[in-house]
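[1] Got a predicted model here, sequence first, then my questions.
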Amino acid sequence: MAPRYASTQLKAVFNNNTPQSLVRTRIPIRHASAVAVPTSSDPSHLDNDISKEAFLPNPDPPSDSSTARLTSSHTPYMVATYVRPPPVMAKGLGSYLWDIENRRYLDFTAGIAVNALGHCDAEMSKLIAQQSKTLIHTSNLYHNPWTGALSSLLVKNTVASGAMREASKVFVCNSGSEANEAAIKFCRKVGRVRTPNGQQHEIVSFHNSFHGRTMGSLSATPNPKYQTPFSPMVPGFRYGTFNDVAAVHDLVTPNTCSVIVEPIQGEGGVNVATAEFAQALRDRCTEVGAVLVYDEIQCGLSRTGSLWAHAALPESAHPDILTTAKALGNGFPIGATIVSEEVARCVVTGDHGTTFGGNPLACRLAHYISSRLSERTLQDGVRAKEKIFRAGIEKLKQRWPEKIQEIRGRGLILGVQLSQDPTPIVTAARERGLLIITCGTNTLRLVPPLVISDGEIEEGLGIIEEAMEVVFDKTGDQEVKGTKGQQEMAPDER
């Protein structure tokens, strides 16, 4: 019976295609007066459950809910790669999500910095419908109108934005991990061309980085918690300390073919690279003939208020390779590796490839999305919205100075460093209608859609304050438990 029930529930949710009804509809709050009074034979925790439902606008679905029945029917068939909270998301519009029981959530996660244009952007939906009736896939054995158009747009917009002065050509793939995997292979090829004996093959990356989960990109992500189960890693990787300028000279040697670094470490805690550190990497790479790679998969495409985060650096610190994904597809799988002409000359036919990468549907969508994200008015708006966030978080910091230690980041990739585990706040916020996630160690991460309104930001900040009251001041009747699994890569637990 469970699968049939689940199918009925999903059909009921997805058949409601009226956005206005979603915007105006909230699940009714169950008040204590509407709940049957328990008898003395009921479990002792029932009173607490009733109280919770009476005062929370978005209580997590209980174990006897339609949500629980749906997940219990699906979970046995899914590889256990993620720990998920109870709600099952069914619809999205703009900055909001709705679950299958019609609870509404303001989304400060944007699919981990993916949905820059919000959920279900109208023009994107239109283009998907149009292109799906025209041409979806041919493989890279043939030309199509959109792979080259997207590549041209990315190169031209990158140079025009004042970033990566040497941007020349693009490899289009399916994800951020694949974009970084391509970058790693390209760098190894450059090293092989320069030193045919293979001496220049080492790749340098940094602690607290996150570059992906494929074997190459994971080898560049020095977290033993995630590397050890799949060891040995790809050989030839060396790890340094982020923003340690003094260590750069000895870390990057004549055997180094590449340095890969995030201008802003997203998963590592929203740590911003200093201009001095970036310049030291660029100078040392130039000195030894290594390729400098900037991974802007999370911080790029106007999330900082400029098209690329490294545009804030001097031109002399620009990279040879730039990787992107996430916001490039606004939820549709796509990634890209932008390279200089010098790197491109070393990559020849047959060195690398992809079956699905660069398909017409993905590239047409990314062409539209990257055009939108390159607009000056959108970028100006991101910087203005950052000020609202910072002002609101500063007020919270004044209220709880011993709990809130620091605010890091730029634009709409912000990290709030706490003195304790933030996961109870994640739970308390969700049960009040706000989705937030964590990163690094004890850090709340705020990466909302770039099109979020000022009013929605204020709404979310208000919910964060309510959640902090419950957790920090113990104002609720129950202790709030943390939500596990709310960041892609948890810190090393050595």
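    All right, it came through fine.
[2] hey, let's count contacts and neighbours off CA atoms from now on
    Noted.
[3] which phi and psi does V272 have?
    phi -90, psi 130 (degrees, to the nearest 10).
[4] now do I264
    Note on I264: backbone dihedrals following degrees, to the nearest 10 are phi -130, psi 120.
[5] And the residue nearest the centre of the chain?
    I112 (2.8 Å; CA atoms, centre = their mean).
[6] quick check: domain ranges of the chain?
    1-107, 127-375 (automatic domain parsing).
[7] and of the ones you listed, who's closest to S453?
    Of all the domains of the chain, domain 1-107 sits nearest to S453, with 8.4 Å by CA to CA.
[8] For the closest one, give the mean pLDDT please.
    Averaging pLDDT along domain 1-107 yields 66.
[9] biggest helix in this structure, by residue count?
    In the chain, taking DSSP state H as the definition, the longest helix is helix 376-399.
[10] okay, it in CSV with CA atoms only?
    C-alpha atoms of helix 376-399 as CSV (Å, rounded to 0.1, in the frame of the first residue of the first chain):
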residue,chain,number,x,y,z
ARG,A,376,25.3,44.9,-13.9
THR,A,377,22.0,45.6,-12.2
LEU,A,378,21.9,42.0,-10.7
GLN,A,379,25.5,42.4,-9.5
ASP,A,380,24.7,45.8,-7.9
GLY,A,381,21.8,44.2,-6.2
VAL,A,382,23.9,41.4,-4.8
ARG,A,383,26.3,44.0,-3.2
ALA,A,384,23.3,45.9,-1.7
LYS,A,385,21.8,42.7,-0.3
GLU,A,386,25.1,41.8,1.3
LYS,A,387,24.8,45.0,3.4
ILE,A,388,21.3,44.0,4.6
PHE,A,389,22.6,40.6,5.6
ARG,A,390,25.7,42.0,7.4
ALA,A,391,23.6,44.7,9.2
GLY,A,392,21.2,42.0,10.4
ILE,A,393,23.9,39.6,11.5
GLU,A,394,25.8,42.4,13.3
LYS,A,395,22.6,43.0,15.4
LEU,A,396,22.6,39.3,16.3
LYS,A,397,26.2,39.5,17.2
GLN,A,398,25.6,42.4,19.5
ARG,A,399,22.8,40.3,21.2
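[11] Could you tell me how far it lies from the centre of the chain?
    Between the centre of helix 376-399 and the centre of its chain there are 19 Å (CA atoms, centre = their mean, to the nearest Å).
[12] host element of the residue lying closest to T441 once chain neighbours are set aside?
    With CA to CA, 6 or more residues apart in numbering as the criterion, T441 has its nearest non-adjacent residue at 6.2 Å, and that residue is P491. Per DSSP states H and E, P491 falls between elements, in no helix or strand.
[13] how much space between P491 and G266?
    Here the criterion is CA to CA, to the nearest Å. By it, P491 lies 12 Å from G266.
[14] Among these two, which residue is more densely surrounded?
    The residue with more neighbours, out of P491 and G266, is G266; 29 against 19, by other CA atoms under 10 Å.
[15] Compute the distance between the more buried one and P57, please.
    Taking CA to CA, one finds G266 at 31 Å from P57.
[16] What of S132?
    According to CA to CA, S132 stands 39 Å off from P57.
[17] Tell me which of these two has more neighbours.
    A count of neighbours by other CA under 10 Å puts P57 above the other of S132 and P57, at 19 against 13.
[18] so which strand or helix has the closest residue to T438 other than its chain neighbours?
    Nearest residue to T438, sequence neighbours excluded (CA to CA, 6+ apart): L444, at 4.4 Å. Secondary structure from DSSP H and E places L444 in strand 443-446.
[19] what's in contact with the helix or strand following that strand?
    Sequence-wise, the next helix or strand downstream of strand 443-446 (DSSP H and E) is helix 454-472. With contact meaning CA atoms under 8 Å, 6 or more residues apart in numbering, helix 454-472 is reached by 95, 106, 108, 385, 388-389, 392-393, 396, 403, 424-426, 428-429, 432-434, 475-476, 479-480.
[20] okay, the angle between helix 454-472 and helix 376-399?
    Relative orientation of helix 454-472 versus helix 376-399 (axes from the mean of the first three to the mean of the last three CA atoms, to 10 degrees): 30 degrees.
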